[in-house]
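Trainee: structure for the following, please:
(one chain, ligands or ions: 2)
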Amino acid sequence: MAQTLFDKVWNRHVVVPETDAHPATLYIDLHLIHEVTSPQAFTVLRERGLKVRRPDRTLATIDHSTPTLINADGSRPYVTEQAGKQVEMLLANTAEHGIETHGWESANRGVVHVMGPELGATQPGMTIVCGDSHTSTHGAFGAIAFGIGTTQVGHVLANQSILMRKPKTMAIEVNGELQAGVTPKDVILAIIAKIGVGGGTGYALEYRGNVFEEMSMDGRMTVCNMSIEAGARCGMIAPDVTTFNYLEGRKFAPADYDAACEDWASLATDDGATFDKVVTMRAEDIRPMITYGTHPGMAMPIDALVPIAADETEAAALNYMQVTGGERMTGLRVDRVFIGSCTNARIEDMRAAAGVLAGRKVADHVTAIVVPGSEQVKIEAEAEGLHEVIMASGAEWREPGCSMCIAMNGDKAAPGELVVSTSNRNFAGRQGPGARTVLASPETAAAAAVMGVITDARTLGAAA
Ligand SMILES: CC(C)[C@H](C(=O)O)[C@@H](O)C(=O)O
Ligand code: SF4
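Mentor: Numbering: from 1, shown residues only. Ligands and ions are numbered 1, 2, ... in the order given. This next block holds a predicted model:
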């Protein structure tokens, strides 16, 4: 019977099949961990006298609580004692259990969803979990990858499997030609605006069509990253030659690479396979997007008018954002710009930001920070001289980490400030109490930095 990509990967990992009374037991190939959601799980393990079942299938980094500025004396100013403790605990726990860890000295440290793929730990056909909702990112390689809670982190540490009911499948097909200036971030924001923040709930998404086939791995990761913002725990793209070229030569790439690629190529959805739901969009209809509300589904083309609130919740969101239905977002004064996060802090994002900032100056009243997603991204960007272009514009070039995406490390906005951010969540207060977040692509964020107001990057003239 013709099968989908999801079905094929799922079937390879079922240890005990699902029944009406019981979810399936699913074997997990890769468990990524970070400092926020792992300490309690290790404590439970210790209390119960259990060992980590597969330290060799577990990989750790520090990202959420890590400062992005270094003191003059080389020390790292944690925002709170608690933040420093989380990092220390992660390092102590992983050392005790023999888990490969990318801490401060590692040239591979980074936001967990940037680091895993860079190391080639993320591979097609795998099941991948992490105590982090944006684990969906790894689906860009044709893996079933989803976030789990801290209790489940403990289970996976102890037995390398989880209990799960099989989700339904949804194909999201985007075919045609994207207009100039439309980025992968715009594509995923347009999808979420169309299906809604609950549209993917209960489904595993598969992004299909020539738009995704032609996308780079960086772009595919941006798309899959935000699957969770549409309510889907995972989103996938069939592995192809783009995937194989990306992974070749990376640390964890399989030794017999040709055989691996042959197997991976067989994972693509078969002709004639059926999805429980199919959503189609025309690439030509997608424009650069921004959000105007307090969830990622409240997104619109940057040159559109903010919709009139349809209910009290929407009215409250517009009120929080201090925007008015029927008016434009372009022209709104911006206080901060954040270019970073597991959505948009890979090398192509750094290049896109630098491309807009080159030869231009960040507006006097704007604080702009560019935070590479990993040490590797930082190294690569610096080798290309992107940091010089970025700093010459007046934007700051920081150390890798989650930074202002979630504001757990001290990087945050003040109450009322408007932030144009390349991250994935614009929830009220996420970037600081009272802070207002507008989600956009690196190009749009950089354009806001130089113009000092929300700006359609397509309207910028040539740089001076
Ligand atoms: C801290 C972590 C559990 C959280 C997540 O699950 O995604 C964070 O990464 C986020 O982006 O909100
Ligand atoms: S960058 Fe943001 S979304 Fe990604 S893992 Fe960190 S806090 Fe979560």
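
Trainee: direction included, what does the longest strand seen in the chain pair against?
Mentor: As assigned by DSSP state E, the longest strand anywhere in the chain is strand 168-175. Paired neighbours of strand 168-175 in the sheet (DSSP bridges): strand 203-208 (parallel), strand 277-282 (parallel).

Trainee: from the rest of the structure, what touches that strand?
Mentor: The contact list for strand 168-175, computed with C-beta atoms under 8 Å, 6 or more residues apart in numbering, reads 4, 6-7, 187, 191, 195, 200, 202-212, 232, 275-283, 286. To be clear about C-beta, it is placed using only N, CA and C from the backbone, and glycine gets the same treatment.

Trainee: and these, which of them are buried?
Mentor: Neighbour-count burial (16 or more other C-beta atoms under 10 Å) is assigned, among these, to 4, 6-7, 187, 191, 195, 200, 203-209, 211-212, 232, 275, 279, 281, 283, 286.

Trainee: ok, and which of these reach ligand 2?
Mentor: Counting by C-beta under 6 Å from any ligand atom, nothing from the buried ones among the contacts of strand 168-175 sits close to ligand 2.

Trainee: what does the stretch 351-464 of the chain put close to ligand 1?
Mentor: Within the stretch 351-464 of the chain, the positions lying close to ligand 1 (C-beta under 6 Å from any ligand atom) are residue 406.

Trainee: which residues in the stretch 351-464 of the chain form helices?
Mentor: Secondary structure of the stretch 351-464 of the chain (DSSP state H, counting those that start in this stretch): helices at 375-383, 386-392, 442-451.

Trainee: doesn't residue 110 make contact with residue 118?
Mentor: Yes - with contact defined as C-beta atoms under 8 Å, residue 118 and residue 110 form a contacting pair (7.0 Å).

Trainee: now the common contact residues for those two.
Mentor: Joint contacts of residue 118 and residue 110 (C-beta under 8 Å, 6+ apart) are 374, 376-377.

Trainee: buried ones from those residues, can you make that a ChimeraX selection?
Mentor: Applying 16+ other C-beta under 10 Å to these, the buried members can be selected in ChimeraX as follows:
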select :374,376,377
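
Trainee: okay, the shared contacts of residue 118 and residue 110 in a markdown table with distance to ligand 2 next?
Mentor: Output for the shared contacts of residue 118 and residue 110, formatted as a markdown table (distance: C-beta to the nearest ligand atom, whole Å):
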| residue | distance to ligand 2 |
| --- | --- |
| 374 | 11 |
| 376 | 15 |
| 377 | 13 |
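
Trainee: could you check which residue of the stretch 51-200 of the chain lies nearest ligand 1?
Mentor: Here the residue of the stretch 51-200 of the chain nearest ligand 1 is residue 133; by C-beta to the nearest ligand atom that distance is 3.6 Å.

Trainee: distance check, that residue against residue 274.
Mentor: Residue 133 is 28 Å from residue 274, where distance means C-beta to C-beta, to the nearest Å.
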